[in-house]
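Student: Just need the structure, nothing else, for what follows:
(chains A and B)
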Amino acid sequence: MPDQKALIDYTIHLADNGLILGHRNSEWTGHGPVLEQDIAISNIALDLIGQARNFYQYAASLVNGGEGEKELRVESGVGKKEHTGVTGETKQPGEATEDTLAYLRDAWDYKNCLLVEQTRGDWAKTTLRQFFFSAYQFYAFEHLQHSRNRQLAAIGEKSYKEAAYHLRWSGEWVIRLGDGTTESHDRMEQALDGLWKFTGELLQPAPYEQELAKAGIAVDLAIIRPQWNEKVTEVLQEAGLSVPAESWMQTGGKTGRHTEELGYLLAEMQFLQRTYPGCEW
Amino acid sequence: MDILEEVMDPEVPVLSVIDLGIIREVKETQEGVEVVITPTYSGCPAMDVIRMNIRMALLQHGYASVKIKTVLSPAWTTDWMTEKGKQKLKAFGIAPPTPVQQVCHQEMFHSVEAIPCPRCNSFHTTRISEFGSTACKALYRCEDCREPFDHFKCH
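Tutor: Numbers count the residues shown, from 1 in each chain, chains lettered A, B, ... in the order given. As a prediction, the model looks like this:
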């Protein structure tokens, strides 16, 4: 029986990836290059934050000592008791909820990959980052559906189809800009230079992932690495971009060592709950 | 079930929660009633409102206790939408999902499905954007009658 701590860490890692990238993408809301794409990136942000909520709710039940495996059905708290917290979750004092996990942890507690916390940059950087991440999510969720943990499998099954849309949309943008004008091509090249060193971490397992992969719970990243490489190579080539050679990769996010960008993001995202604890509207 | 027919999707107000296919199970218990639902998209902001509306409708019809459970697996698909629901969508000006359930497999990434215009039925249409005004829709334009329209995506 694998360690409960590893299961909590892994679930929070999956949640943090979705929340942080969802937040980054939401920075485009009202600022997209054209209305349709403003809506598209905001929809992707919504999907990612929705997935994160499912993972956080499960993580909270584990933190509170729930049995996990039997928690396939998530109780809806709305109207059941008096509710507190931002999303109307029922909460006993000191109990973890999706809200406490999102709003009351510090940067070193976050376990998201470094890729997702990088600034949104221009449209080339945003779409290329989304493409790298969606390719990872698409293959990861395809496998997570078969996890021996039933709740993670259910969230994986639900999220898989959404990741497929994101992968198609972002891949099309990488091709459109890479194979577009000199300006758009140059911007894609710059984005590729800046982001490539953060892609290795997506497929390099943290200790908790290794432990859970052995138990058939976490996705075995060694299996999806060739799939990810093949997809990325195919799209970059079609976009007329040079596929970077194997090189040194920056890691650390999965175990809480982040780039400075995450601190600024959390400062903005958590401000209200930190300043006015428990406030709702 | 009749009561739930009157609970509408707040974002596509012609569809009831039954038409949408998100009601998994309704159980009458000694204390009241239990409804099991499944979300359309993970991040669909209408789900909280739908949960509340289901609760309100059942309480108004005299159920003392209403329990709503959310399940994720098996994942919702547009195949669960009722035929009546699809007709209502079309009449409302939204192209309904096509019957064959399609998960975007790798090979399909570059094939684009022809969606008939809900107004003039022409297949001569173009996808403007993968994502529409809500998570469940995409934006299209009819090249014959020139009308833009929403398509409820296959999912």
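
Student: My guess is residue A:211 contacts residue A:3. True?
Tutor: Yes. The pair residue A:211 / residue A:3 is scored as a contact, 6.6 Å apart, by C-beta atoms under 8 Å. Glycine gets a C-beta too; all of them are placed from N, C-alpha and C.

Student: Give me the more crowded residue out of these two.
Tutor: Remark: of residue A:211 and residue A:3, residue A:211 carries more neighbours, 19 against 12, as counted by other C-beta atoms under 10 Å in any protein chain shown.

Student: Grab the nearest non-local neighbour of that one.
Tutor: residue A:6 (4.8 Å; C-beta to C-beta, 6 or more residues apart in numbering or on different chains).

Student: can you pull the contacts of the one you found?
Tutor: The contact partners of residue A:6, by C-beta atoms under 8 Å, 6 or more residues apart in numbering or on different chains, come to A:207, A:208, A:211, A:212.

Student: And the pLDDT for the second one?
Tutor: If I follow you right, that is residue A:208. Predicted confidence (pLDDT) for residue A:208: 97.

Student: And the third one, by the same measure?
Tutor: Per-residue confidence (pLDDT) for residue A:211: 96.

Student: What helix or strand is it located in?
Tutor: helix A:207-214 (DSSP states H and E).

Student: Tell me the spacing between the residue nearest to residue A:211 and residue A:157.
Tutor: Separation of residue A:6 from residue A:157 (C-beta to C-beta, to the nearest Å) stands at 22 Å.

Student: ok, back up a step: buried sites along whichever helix or strand comes after the helix holding residue A:211?
Tutor: For helix A:207-214, the following helix or strand on the C-terminal side (DSSP H and E) is helix A:221-238. Within helix A:221-238, the residues that count as buried by 16 or more other C-beta atoms under 10 Å in any protein chain shown are A:221, A:224, A:225, A:227, A:228, A:231, A:232, A:235, A:236.

Student: what subset of those is also close to chain B?
Tutor: The subset of the buried residues of helix A:221-238 within reach of chain B, by C-beta under 8 Å from any C-beta of the partner chain, is residue A:231.

Student: Turn the buried residues of helix A:221-238 into JSON lines, including pLDDT.
Tutor: Shown next, in JSON lines, are the buried residues of helix A:221-238 (pLDDT from 0 to 100):
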{"residue": "A:221", "pLDDT": "97"}
{"residue": "A:224", "pLDDT": "96"}
{"residue": "A:225", "pLDDT": "96"}
{"residue": "A:227", "pLDDT": "97"}
{"residue": "A:228", "pLDDT": "97"}
{"residue": "A:231", "pLDDT": "97"}
{"residue": "A:232", "pLDDT": "97"}
{"residue": "A:235", "pLDDT": "97"}
{"residue": "A:236", "pLDDT": "97"}
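
Student: ok, the buried residues of helix A:221-238 vs chain B, which is closest?
Tutor: Closest approach to chain B among the buried residues of helix A:221-238 (C-beta to the nearest C-beta): residue A:231, at 7.7 Å.

Student: right, and the closest one touches residue A:136 too?
Tutor: No. In this structure, residue A:231 is not within contact of residue A:136 by C-beta under 8 Å, at 9.6 Å.

Student: residues in chain B within reach of chain A, list them.
Tutor: Residues of chain B lying near chain A by C-beta under 8 Å from any C-beta: B:36, B:39, B:41-45, B:48, B:51-52, B:55, B:66, B:68-76, B:103-106, B:109, B:128-133, B:135, B:139, B:155.

Student: pLDDT below threshold where in the stretch 1-150 of chain A?
Tutor: Along the stretch 1-150 of chain A, the model assigns pLDDT under 70 to residues A:1-2, A:66-93.

Student: mind checking the longest helix of chain B?
Tutor: Secondary structure of chain B per DSSP state H: the longest helix is helix B:46-60.

Student: Check which helices and strands that one sits against.
Tutor: Using 3 or more C-beta pairs under 8 Å, 6 or more residues apart in numbering or on different chains; DSSP states H and E, the elements in contact with helix B:46-60 are strand B:33-37, strand B:66-70.

Student: Can you dump the C-alpha atoms of it in PDB for me?
Tutor: Extracted C-alpha coordinates of helix B:46-60, given in PDB (Å, rounded to 0.1, in the frame of the first residue of the first chain):
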ATOM      1  CA  ALA B  46     -23.300  26.700 -14.900                       C
ATOM      2  CA  MET B  47     -23.000  23.600 -12.800                       C
ATOM      3  CA  ASP B  48     -23.300  25.400  -9.500                       C
ATOM      4  CA  VAL B  49     -26.400  27.200 -10.700                       C
ATOM      5  CA  ILE B  50     -27.900  24.000 -12.100                       C
ATOM      6  CA  ARG B  51     -27.300  22.200  -8.800                       C
ATOM      7  CA  MET B  52     -29.100  25.100  -6.900                       C
ATOM      8  CA  ASN B  53     -32.000  25.200  -9.400                       C
ATOM      9  CA  ILE B  54     -32.500  21.400  -9.100                       C
ATOM     10  CA  ARG B  55     -32.600  21.800  -5.300                       C
ATOM     11  CA  MET B  56     -35.000  24.700  -5.400                       C
ATOM     12  CA  ALA B  57     -37.400  23.000  -7.800                       C
ATOM     13  CA  LEU B  58     -37.500  19.800  -5.700                       C
ATOM     14  CA  LEU B  59     -38.000  21.700  -2.400                       C
ATOM     15  CA  GLN B  60     -40.800  23.700  -4.000                       C
END
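
Student: What are the buried residues along that helix?
Tutor: The neighbour-count criterion (16+ other C-beta under 10 Å) identifies B:46, B:47, B:50, B:51, B:52, B:53, B:54, B:55, B:57, B:58 as the buried residues of helix B:46-60.

Student: The third one against residue B:10, yeah?
Tutor: Same thing as residue B:50. Yes. Applying C-beta under 8 Å, one finds residue B:50 in contact with residue B:10, separated by 7.0 Å.

Student: Residue A:131: what's it in contact with?
Tutor: Residue A:131 touches A:167, A:170, A:171, A:173, A:174, A:232, A:235, counting by C-beta under 8 Å, 6+ apart.

Student: which one of those is nearest chain B?
Tutor: Distances from chain B to those, taken as C-beta to the nearest C-beta, are shortest for residue A:171 (6.8 Å).

Student: how many neighbours does whichever residue of the stretch 101-250 of chain A sits closest to chain B have?
Tutor: Nearest residue of the stretch 101-250 of chain A to chain B: residue A:154, at 3.5 Å (C-beta to the nearest C-beta). Burial measure for residue A:154: 23 neighbouring residues, criterion other C-beta under 10 Å.

Student: ditto for the one 5 residues further on
Tutor: The burial metric for residue A:159, expressed as a neighbour count using other C-beta under 10 Å, is 31.
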